[in-house]
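# Turn this into a model:
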Amino acid sequence: MPEAADAGELPTAEEDSGDEEGQGTELTGLFVERPQENVVIIAGADVVITAKVDSTTLTRKPTVKWLKGKWLDLASKAGKHLQFKETYDRETKIYTYEMKVIKAKVGAAGAAGAYRCEVTSKDKFDSASFEITVEGNDAGEDDGNLDFSALLKRPEDDKPVIDVWELLKSAHPSEYEKIAFEYGITDLRGMLKRLKKMKAEPKPSEAFLKRMESCYSVEKGKKIVLTCEVFDPNVQVKWLKNGQEIKGSAKFRLVSDQRPYLCERRGEDSVDGTVHMDRFFEDIEIFKDTNPAKYRIKKDGRKHMLIILEAGLEDIGMYHCWTNGGHTKGELEVEEKELLVLQDIADLTVKATDQAIFKCEVSDEKVTGKWFKDGVEVLPDERHKMTHIGRVCCAPFQKMFEPVHCRVNLHRFRHPSSDPPKIHLDTTGNMVSQNTIIVVAGNKLRLDVEITGEPAPTVVWSKGEEVITATEGRVRVDNRKTLSSFVIEGAEREDEANYTICVTNPAGEDKAKLFVKIVDVPDPPQNVKCLSVGEDSSSMVWEPPAFDGGAPLKGYLMERKKKGSSRWTKLNFDVYEATTYEAKRMIEGVYYEMRVFAINSIGMSQPSITSKPFMPLAPTSEPTRLLVHDVTDGTCTLKWMAPERIGAGGLDGYIIEYCKEGETEWVVANKELCERQGYVVRGLPVGEKINFRVFAKNLAGVSPPATLAQPVTVREIVDLPKIRLPRDLRTKYIRKVGDKINLVIPFQGKPRPVVKWYKDGAPVDEKIVGVRNSTVDSILFIRSAERDHSGKYELVVQIENMEDRATIDLRVVERPGPPTKVKVTEVWGFNAALEWEAPKDDGNCEITGYTIQKADKKTMEWYTIYEHNRRPSCTSSDLIMGNEYMFRVYSENLVGPSEEPGQSKNTAVIGKTEFKEKDVSCIPTFTQPLLDRSVVAGYSTAMSCSVKGFPKPKIVWMKNKMILGGDPKYIMLNNQGVLTLNIRKPSTFDGGRYSCMAVNDLGQALVECKLEIRSKADENC
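Next up, the predicted model:
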């Protein structure tokens, strides 16, 4: 029966559209419902991934693993953001497995990535792959916002995912902090607690390290060993068969490394002496006295073995091994060998008195036969000798005189029958037709073919003309008596071929042909390129993959990214069938790259080669404000404004076209692009009505045209001369010396007028003043203005006897000269009065003010006392007595202050005033006396008084007329004449009369007070 087991990450296809003949098949595994292949969620949202498995055909409960990447088991990651759930429906016998992602995150440590769900049940296996994509609130729209955090990150290498917990288990504790920092673990305390639990070895909960196999099978007469291992090497073990303890039936012999022991069971007679064995011996085998016992019980440390030397049909049953902590069991099946005669007795013709040797070969070397002559058994004697060597039975007869017949014991042997071989091929499962098998690439194919025939046929598998003989490896053949298995591990495309199985035996031959079809994901699409671009879109085209994987293509998935970025954006979530696609929502002027995936019923291909970078561009909008500036005989001057929208493609220039009214043939007026926003179209027919249009051009092409509302008649237009003087030139035009002067004065008139300039009534000298005239304006320019350029300029525009005039008053100014006749006119108190006259040179403009400064003759440092003083006089105050002061004045105009100041010719001297010193000497006098005090002993106290006197008096404190010295118990303070004596914790001996005496050169003063100290006992009373 063919069986395909998934071994790779590719999901098994749910449907296949069939081969070229229109037949279809359904490729299924253990899954009833697979996870969705592509799951897209918004950052911060929850998602539940569901898989269902049907257990009706399974012998054991299936186990599931959720993996991320290649091999990272997510069971160790269960917690706040990842939860798993398993439910079972008893009616439908369907297991439901759920993986819930809570509050998905964006980034390297988020939930995005490739996942795989693996289900295993005994010898069956299946897997399903899917991908989770986490996007922000604007997922799917490329709005051009740059992810600066992503740009700052180093590009990620294609490295395998590392299980941090396995790395921590094998690391030294000194490296824990380094590993946590490298892999982003912030909760170090929680990490250590979890690591401690993971390292703790589980305590053994059973008595056995290794249990017996659930089932043993042995051929009749062969040796079989039942083995188990226990935790405690000293524990007592009992072996039972079908509930009955296995014991020796008579005397046993204990075999050890030192010497033999004889023992017998209690209650029986001993032949060689009675020895009661109450002790357990290690590494001892038990045998019967003469022949080895059928059951041998052997112990080797923790390992216990029950050995059956020659298994018979009576040994079939359930065997148990019991300890005080539990038991283990295993079932024994004994298969009886079918006895066959492999070589029959051949007829012999020999001469009389010659030796005749009859031979036959049987399938079991332990079985002997009987020889018969004319139905009478031949017994061995001097003439007849029978030998049995291996499977060959030999009977040499000496001096033959009569014919001899030999036959085997019919109740033990039989001749092999002649049954032609037959192949019984199961056509269910992945067989889509009588001889076709479909296998998903990477999966395992095991084809079990039942074979019958006598004698056992020889099986030969071949791929095309090549015979498959390998019994190991990826492609191998496993032959048994009635079953031949053909196995392909990890199917590849090269394995697709016609396979033949041929079985032969002496009775005949049988053949069967099979076609193994390998289906795989398709190759990547080819030649992905951009055909055209728009303002926010592009048209893409590609070619189908060279190999469709053996299954029809369902469609394509497209992705794009910005050039230099590593973030790919999906363009479609539903399969797209065509090979052309228009991508939208792109940013103009940004380079993009695109790739395409092909999809069939097996899965999704690898991405195609990235397309060449392309940039969405759009032509500009049409030029604006197109108008006719001038028309003459044969020419038309057009002017326009730039387009409102230019875009990332920029603007290369303009194309001007014209055609006659009523015609459709447009003529390009300019051979090269016009970069300016105006153009004179020449060579036009006089008197004709002409339509004009203007295009803007860039890298993306030409824009829509800008057109005139009405056609233009080509003819001369007479216009009177008119000067349009700018507003700033209608008043006095002031400039500084050295400035550049450039006066542009537009005018109009047709035909072209004559332009003349005059200064103060005389024509201007073009060597001093430059003049440039055009058809629409006149320019007067001076490279470096001088005061001589000041004056009244007049512009005259004349057509024959008609003219227009405009006058411009130009004044060139500079800094003024210094003020004159600066002098100090009066000094009184701390004040001084100044006067001066205006400067002789005002700089060709009005004086706006003066700046006055003063300086002390001792330091000669100048300080400004007035700024922008408009009058030619001022008063300087707050002068310092005894100092002599000088003054200077700067004049100011529109240009700035004068370069040199006007110095005062005289100075201001502030005289000194004499004062008589007052005598403040006085004798010391106490203004506040000392007061009598009564305090409790042990509590600090203070006495204060105040004194005045000059010079400052000396203070002396006394107790009972004795001067208080440097006793630290007394602290004496003097603060601005306030005298204080502090007594720390006084006792009854500190009581008495205290006095304070103040002494200076003029005399002395004394004050006294009485201090009474009360004891604490008196206070309590």
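
# Was I right to think E492 contacts A441?
Yes. Using CB atoms under 8 Å, E492 is in contact with A441, at 6.4 Å. Placement of C-beta: from N, CA and C, glycine included.

# Which neighbours do those two have in common?
By CB atoms under 8 Å, 6 or more residues apart in numbering, E492 and A441 have these common neighbours: I518.

# Comparing those two, which residue is more hemmed in?
A441 (20 against 15; other CB atoms under 10 Å).

# Can you tell me how far that one is from N773?
Here the distance between A441 and N773 works out to 86 Å (CB to CB, to the nearest Å).

# How about E917?
E917 is 90 Å from N773, by CB to CB.

# Looking at those two, which one has more neighbours?
Between E917 and N773, counting by other CB under 10 Å, N773 is the more crowded of the two (17 against 5).

# thought that one was touching W757?
No. Using CB under 8 Å, N773 makes no contact with W757, being 9.2 Å away.

# shared neighbours of those two, anything?
With CB under 8 Å, 6+ apart as the test, N773 and W757 reach no residue in common.

# which other helices and strands contact the helix or strand in which S484 is found?
Using DSSP states H and E, S484 sits in strand 483-488. Applying 3 or more CB pairs under 8 Å, 6 or more residues apart in numbering; DSSP states H and E, one finds that strand 483-488 contacts strand 444-454, strand 458-463, strand 475-479, strand 497-505.

# what's in contact with the third one?
With contact meaning CB under 8 Å, 6+ apart, strand 475-479 is reached by 459, 461, 468-471, 484-489, 495.

# Buried among those? Make that a PyMOL selection.
Listed next is the PyMOL selection for buried residues among these, using 16 or more other CB atoms under 10 Å:
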select buried, resi 459+461+468+484+485+486+487+488+489+495
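
# And the contacts of strand 475-479, which is closest to T925?
Using CB to CB, E489 comes nearest to T925 of the contacts of strand 475-479, at 123.1 Å.

# Pretty sure the closest one sits against K444.
Yes. Between E489 and K444 there is a contact at 5.5 Å, judged by CB under 8 Å.

# Correct me if wrong, but I880 is in a strand.
No. Assigned with DSSP: H, G, I helix; E, B strand; the rest coil, I880 falls outside any strand and is coil.

# thought it was touching K854?
No. Counting by CB under 8 Å, K854 is not a contact partner of I880; they are 10.7 Å apart.

# K122 touches T59, doesn't it?
Yes. Shown here, K122 and T59 form a contact pair, counting by CB under 8 Å, at 5.8 Å.

# And stretch 942-960, end to end?
17 Å (CA to CA, to the nearest Å).

# That should have said stretch 531-541, apologies.
Per CA to CA, stretch 531-541 runs 7 Å from first to last residue.

# For it, buried residues please.
V533, G534, E535, S538, M540, V541.

# what do you get for stretch 36-51?
V39, V40, I41, A43, V47, I49, A51.

# which residue packs closest to the fourth one, ignoring adjacent ones?
Taking CB to CB, 6 or more residues apart in numbering as the measure, A43 lies nearest to V106, with 4.7 Å between them; neighbours along the chain are not counted.

# contacting residues around that neighbour?
Contact analysis of V106 by CB under 8 Å, 6+ apart lists A43, A112, V134, E135, G136.

# ranking these by neighbours, who comes first?
That'd be V134 among these, by other CB under 10 Å, with 22 neighbours.

# any idea which element it lies in?
strand 124-135.

# That strand pairs with which strands?
strand 38-42 (parallel), strand 113-121 (antiparallel) (DSSP bridges).

# what angle separates it from strand 444-454?
170 degrees (axes from the mean of the first three to the mean of the last three CA atoms, to 10 degrees).

# Report the buried residues of strand 124-135.
Quick answer for strand 124-135 (16+ other CB under 10 Å): K124, F125, D126, S127, A128, S129, F130, I132, T133, V134, E135.

# burial of D878, as a residue count?
7.

# typed the wrong thing, it's V378
By other CB under 10 Å, neighbour count at V378 equals 18.

# Excluding chain neighbours, what is closest to it?
Nearest to V378 is W371, by CB to CB, 6+ apart, at 4.4 Å.

# so the one you found touches D381, yeah?
No. In this structure, W371 is not within contact of D381 by CB under 8 Å, at 11.9 Å.

# Compare these two (neighbour count), which wins?
Remark: of W371 and D381, W371 carries more neighbours, 22 against 8, as counted by other CB under 10 Å.

# I'd like the average pLDDT over the helix or strand containing L195.
Counting by DSSP H and E, the element that carries L195 is helix 188-199. Helix 188-199 shows a mean pLDDT of 70.

# Give me the helices and strands touching the helix or strand that comes right after that helix, please.
Using DSSP H and E, the next helix or strand after helix 188-199 towards the C-terminus is strand 208-210. With contacts taken as 3+ CB pairs under 8 Å, 6+ apart, strand 208-210 sits against strand 224-230.

# How about residues contacting stretch 68-84?
65-67, 97-105, 111, 113-116, 160-161, 163, 165.
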